[in-house]
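In: Build me a model from this:
(chains A and B)
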Amino acid sequence: MVARALSRDDIAFGRAVLLATDSLGMSAEGAFWLYDNRDEKWRYFLVSTLFGRINSRELYLRLNEALSKTLSERETQDFLLYIASPSEKFVRDIRGHIKTDRHTSDPKSATVKIGGKMVKAWIYRLATQLNENTAKRVQRRFRRRTNELKAA
Amino acid sequence: MLALHRNPWVCRMAQSGHSPPTSADDWIGVAKRELRNLRGAYIGQLSNDAKVDHALKATEAVLKAIIWKQHGWSSWPGKTKGYKFLYNHDLQTMLDHCGSLRSRLRLSAHHWISWQVLANAVLKQSRYSPTPPPDAEAHEVAKSARHPDKGIVPWLLARYHEMT
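Out: Presented below is the predicted three-dimensional model:
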């Protein structure tokens, strides 16, 4: 089955979301779109070590509040954000194909193998997992900046 | 790995002695049963897989009830073109078939977060990550499904009962 092409707007928006999380001090290890052949849909994933360190309800709450302020409400209204940990199997599978540095955000098209199936992807970043000390620092910084943004 | 991922739901219900739903109210019965099973999973100290499985199945069942009522079907559609989303654990598409529920859900920040947590969990469990979730994540998923004030299932049940 031929994957439906991801629109330029979606590719640009995915990068804007990643950069917005960078401005929150999140230091996400990864961000990418994956095409689901079964549902014929592209889905956007943010890969962060904070998923698992901060409970997921709090993480979504902080991201929703922050992204609605840093990106336009119109853009975020229908946007669906999936979050994964860098240690999850499918993330490790993709990192087996493409590895980037921690700061890149240039989108690259790729075909990756996940669970034995070839999957189309657009990858902005996929770096190795943060070490424990850095993760603790990132967690404190993310909470501080999202608190500041909420109070502003 | 979740049983949800391995077997079609109806087959599992047949194997476990439950009849496939024959009405929207039957799906509501499934949702309520799964909520009870979720509570039982905590009491019985079952695996995180089991807790997440019951939470996701309760959510999916109440969505199916709403879709059935919304469309006024006489029977549950088969797995044909146009209805595959009913068999793929694709909660997002199911929500899109529930009339204006998505926009109503977005108006409640805590319910929207619950929805995001559940949609995130079901996607990864059914597509990408067959690894058992850690305790904290399983608890977040369960809370997002069943919490009386913030949970999706009680919220959707209330919307179902509002429908004429």
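In: following the helix or strand encompassing B:A121, which helix or strand shows up next?
Out: Using DSSP states H and E, B:A121 falls within helix B:109-123. Counting by DSSP H and E, the next helix or strand C-terminal to helix B:109-123 is helix B:135-146.
In: CA atoms only for that next one, dumped as PDB, please.
Out: The C-alpha coordinates for helix B:135-146 follow below in PDB (Å, rounded to 0.1, in the frame of the first residue of the first chain):
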ATOM      1  CA  ASP B 135       3.100   0.900  37.700                       C
ATOM      2  CA  ALA B 136       2.800   4.700  37.500                       C
ATOM      3  CA  GLU B 137       1.700   4.600  33.800                       C
ATOM      4  CA  ALA B 138      -0.800   1.800  34.400                       C
ATOM      5  CA  HIS B 139      -2.300   3.900  37.200                       C
ATOM      6  CA  GLU B 140      -2.500   7.000  35.000                       C
ATOM      7  CA  VAL B 141      -4.300   5.000  32.300                       C
ATOM      8  CA  ALA B 142      -6.700   3.500  34.900                       C
ATOM      9  CA  LYS B 143      -7.400   6.900  36.500                       C
ATOM     10  CA  SER B 144      -8.000   8.500  33.100                       C
ATOM     11  CA  ALA B 145     -10.600   5.800  32.300                       C
ATOM     12  CA  ARG B 146     -12.500   5.500  35.600                       C
END
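In: That one near chain A at all?
Out: Yes: with C-beta under 8 Å from any C-beta of the partner chain as the criterion, chain A is reached by helix B:135-146 at B:136-137, B:140-141, B:143-144. For every residue, glycine as well, the C-beta is placed using N, CA and C.
In: coming back round to it: so what secondary structure elements neighbour the helix holding B:A121?
Out: Counting contacts by 3 or more C-beta pairs under 8 Å, 6 or more residues apart in numbering or on different chains; DSSP states H and E, helix B:109-123 is packed against helix A:56-70, strand A:81-84, helix B:48-71, helix B:91-96, helix B:101-106, helix B:135-146, helix B:152-162.
In: And the helices in chain A?
Out: Along chain A, the segments classed as helices by DSSP state H run A:8-23, A:56-70, A:73-77, A:89-95, A:132-151.
In: how close does A:A152 get to A:T134?
Out: A:A152 sits 26 Å away from A:T134, taking C-beta to C-beta, to the nearest Å as the criterion.
In: Settle it for me: which of those two has more neighbours?
Out: A direct count of neighbours by other C-beta atoms under 10 Å in any protein chain shown for A:A152 and A:T134 places A:T134 higher, at 13 against 6.
In: What sits closest to that one if chain neighbours are left out?
Out: Nearest in space to A:T134, with sequence neighbours left out and distances taken as C-beta to C-beta, 6 or more residues apart in numbering or on different chains, is A:S27 at 7.5 Å.
In: Can you report how many residues neighbour that neighbour?
Out: 21.
In: Can you point out the buried residues in the helix holding B:A121?
Out: B:111-123 (16 or more other C-beta atoms under 10 Å in any protein chain shown).
In: Near chain B, which residues of chain A? Just list them.
Out: Within chain A, the residues that sit near chain B (C-beta under 8 Å from any C-beta) are A:36, A:38-39, A:43, A:52, A:55-57, A:60-61, A:64, A:77, A:80-84, A:88-90, A:114-115.
In: now do 6 Å
Out: A:38-39, A:55-57, A:60-61, A:82-83, A:88-90 (C-beta under 6 Å from any C-beta of the partner chain).
In: Give me the buried entries from the residues you listed.
Out: Here, 16+ other C-beta under 10 Å leaves A:39, A:55-57, A:60-61, A:82-83, A:88, A:90 buried among the residues of chain A next to chain B.
In: of these, closest to A:K69?
Out: A:L61 (13.2 Å; C-beta to C-beta).
In: my read: the closest one touches B:H111, true?
Out: No: judged on C-beta atoms under 6 Å, A:L61 makes no contact with B:H111 at a distance of 11.8 Å.
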